[in-house]
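[1] Prediction below, plus the sequence it came from.
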Amino acid sequence: MLLVAVITGTICIPYLKKIARKYKIYDHPDHDHSKRKVHSRPIPRIGGIAIFLSFIATNLIFNSSSHFWILVLSSIPVFLLGLVDDVRSLSVKIRILIQLVSASLVVYLGHMSIDNLYFTPDFAISLPFPTGFLLSVFIIVGAINAINMVDGLDGLAGGLVLIASVLMSYTLFILNHDINFIYFFGIPVAGALLAFLKYNTHPASLFMGDGGSYWLGFIISILMLYMLKHDPLQINNNYNIPLITPVLSLAIPIIDTFFVIIIRVVSGKSPATADQSHFHHGLLKMGIPQSQVVLFIYFLSVVIAITGIMPIIFPAYISWIVSYTSPFLLLTILYLVLKKEKNASAKTALYELFIKNKNKRKELNFFFLAWERFNRYTLYFILAGTPIIAGGSQNSAIGFSAGIIFFLLIILITFKMTRHDFFNVLIISISSLLLLVANNIKSISVELFNRQYYLQEYYNWLFIIFAISIAFFILLTFRRNYLMISATDFIILTMPLLLFLLPNDIIQEWNLSIIGLRSLLLFIGFRVLARNENNFYLRIRYVVLISLLYLFLTDGLNFHILF
């Protein structure tokens with residue numbers, strides 16, 4: 001299915017570019033600098049046709065569900081509306097009217113009205129049919145316009161929809177191994193967007209246009225409703241997904257659109273007025289290249305979406321609190337970006353903006369250096385101190401795995417392959433996961449005054465303190481280098497999530513749910529500290545080597561250390 005979608009899009013796009021040139025269907029650059037467009041030459045804007053045709057062709061071959069085709073056919077008016085708007089600009093009233101009619105049709109004919117709204121996996125309110133119907137229609141129309149408004153940089157809208165569709169599919173599969181979501185939506189959307197992004201990545205030679213953004217907004221809203229309402233394609237439904245989970249999968253377009261509309265209304269402008277008040281414009285004004293801006297927004301989108309998944313994959317913990325606080329984190333970053341653009345130096349830390357006295361700045365600099373050192377040594381202790389205190393894991397598989405990774409790391413260092421950021425991150429991520437598993441494999445208690453104290457509880461508190469410390473350190477020392485993203489940063493995020501694709505019996509046997517949560521916190525700490533210290537990876541390698549060697553000797557070769 002993925003290959004069919006990619007091949008169909010790849011075949012269609014060259015022909016669409018010819019059609020656009022023949023009929024002069026271009027997205028022309030703005031000559032007025034107050035507008036939002038950033039490209040400097042006319043670019044064809046009918047790439048959305050390729051996305052639509054790829055999706056339809058894939059499902060024509062593989063899918064025969066009548067219910068599914070009701071949903072797809074209901075999207076055609078929205079798609080045609082966008083195409084007409086690409087060729088001849090339509091008024092806002094006509095666009096909203098057609099969107100409302102299409103949304104109402106799909107909700108009614110597809111039985112997509114929301115019945116219950118879950119705020120946590122256990123707390124919900126029942127919605128009467130009119131309220132659920134209107135809410136479903138609002139979600140569809142809101143998503144259509146949010147994707148359209150965020151489509152301001154090369155590859156931005158397509159990449160955000162790709163991330164959202166993949167993570168929502170991932171969530172449902174982890175929850176109850178529901179393949180319908182992936183089969184009908186996830187794979188065709190991913191394949192269509194991968195083909196399109198080949199031509200839409202900076203510097204783009206093709207835009208999706210309003211036809212593509214309207215249709216993608218419509219489809220992604222159906223995915224959101226798919227999660228909020230029990231799957232109409234399934235007979236047995238045994239999952240409750242909080243509202244925040246699908247919302248955070250599309251957090252950047254939703255919050256950016258809300259933020260922009262508020263700014264325009266307060267300024268006395270129409271919400272439909274094009275300007276440079278979007279999040280990505282603020283990042284561009286900080287002097288960050290367009291390709292880096294898009295990568296950073298991708299990365300932030302993945303981070304925020306993962307916080308929305310946490311109530312699903314960590315049901316034993318009150319992780320929904322993290323989900324509901326993450327939008328405030330995003331709003332804080334939006335505020336900081338807009339605040340930064342007014343300053344001469346984008347490298348200025350947040351706390352330095354409010355302190356004019358140079359002597360106080362020096363005192364605070366010393367404080368933040370000490371704070372950073374605290375974070376660094378906490379990280380070292382998590383990786384090296386705890387295996388030694390635990391006296392090994394008493395598991396030969398862990399020991400021999402540690403030995404293999406230890407000698408592999410020695411080889412990479414010998415041949416100087418660890419100079420590459422990719423190998424640094426990959427090896428350290430794998431090593432850290434193994435160390436976290438080793439630290440959690442047995443329960444250790446200390447008895448004092450006839451009372452037992454379990455070290456694992458304090459180990460959990462260590463992670464909580466580390467996470468809070470890192471979060472506030474990021475906010476108070478907000479610098480532009482935090483926004484520079486590389487492909488390896490995505491490896492850091494995806495490594496813990498891959499744990500949950502393992503069979504359930506393995507996850508339960510090795511307690512991988514808590515390992516995944518700890519590793520997410522740990523890897524975010526890696527990223528922050530690596531941005532502030534040039535020799536971070538060198539030092540962390542030595543810490544990891546010591547820990548791996550210790551595990552290899554105690555668990556693999558059965559060396560014993562007597563306390």
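    Yep, it's here.
[2] How about stretch 4-13, which residues are buried there?
    Within stretch 4-13, the residues scored as buried using 16 or more other Cβ atoms under 10 Å are 4-6, 8-10, 12-13. Glycine gets a C-beta too; all of them are placed from N, C-alpha and C.
[3] now do stretch 48-65
    48-59.
[4] average pLDDT across it?
    Mean per-residue pLDDT for stretch 48-65: 90.
[5] ok, and what's touching it?
    1, 4-6, 8-9, 12-13, 16, 68-69, 72, 79, 82-83, 86, 158, 183-184, 187-189, 191-193, 195-196, 208-216, 219, 233 (Cβ atoms under 8 Å, 6 or more residues apart in numbering).
[6] residue contacts, the nearest residue to G209 once chain neighbours are set aside?
    Using Cβ to Cβ, 6 or more residues apart in numbering and skipping the chain neighbours, the partner closest in space to G209 is R45 (3.7 Å). Counting by Cβ under 8 Å, 6+ apart, R45 makes contact with 20, 25-27, 86, 206-210.
[7] what's the domain layout of the chain?
    2-27+39-251, 352-556 (automatic domain parsing).
[8] Point out the most buried one among those domains.
    domain 2-27+39-251 (a mean of 20; mean count of other Cβ atoms under 10 Å).
[9] Check the offset of it from the chain's centre.
    17 Å (Cα atoms, centre = their mean, to the nearest Å).
[10] Repeat that for stretch 387-405.
    That offset, for stretch 387-405, works out to 32 Å (Cα atoms, centre = their mean).
[11] next one: stretch 509-524
    Worked out by Cα atoms, centre = their mean, stretch 509-524 lies 17 Å from the chain centre.
[12] swap in stretch 292-305?
    Mean-position distance between stretch 292-305 and its chain equals 6 Å (Cα atoms, centre = their mean).
[13] Check the protein and tell me which residue is nearest its centre.
    Closest to where the C-alpha atoms of the chain average out (Cα atoms, centre = their mean) is V302, at 0.7 Å.
[14] got a list of what that one touches?
    163, 167, 490, 493.
[15] Are we agreed that the third one is in a helix?
    Read that as F490. Yes - under DSSP: H, G, I helix; E, B strand; the rest coil, F490 falls within a helix.
[16] correct me, but it touches S301?
    No - the pair F490 / S301 is not scored as a contact, 11.0 Å apart, by Cβ atoms under 8 Å.
[17] can you give me the helices in the stretch 101-250 of the chain?
    129-150, 156-176, 179-181, 187-200, 209-228, 244-249 (DSSP state H, counting those that start in this stretch).
[18] hang on, the earlier thing: may I ask which two of the contacts of V302 are separated the most?
    L167 and F490 (12.5 Å; Cβ to Cβ).
[19] coming back round to it: looking at the buried residues of stretch 4-13, which is nearest W320?
    Using Cβ to Cβ, the buried residues of stretch 4-13 come closest to W320 at A5, 34.3 Å.
[20] what helix or strand is that closest one on?
    Take DSSP states H and E as the rule and A5 turns out to sit in helix 2-23.
[21] Need the contact partners of that helix.
    25-26, 44-47, 49-51, 53-55, 57-58, 61-62, 187-188, 190-192, 194-196, 198-199, 205-206.
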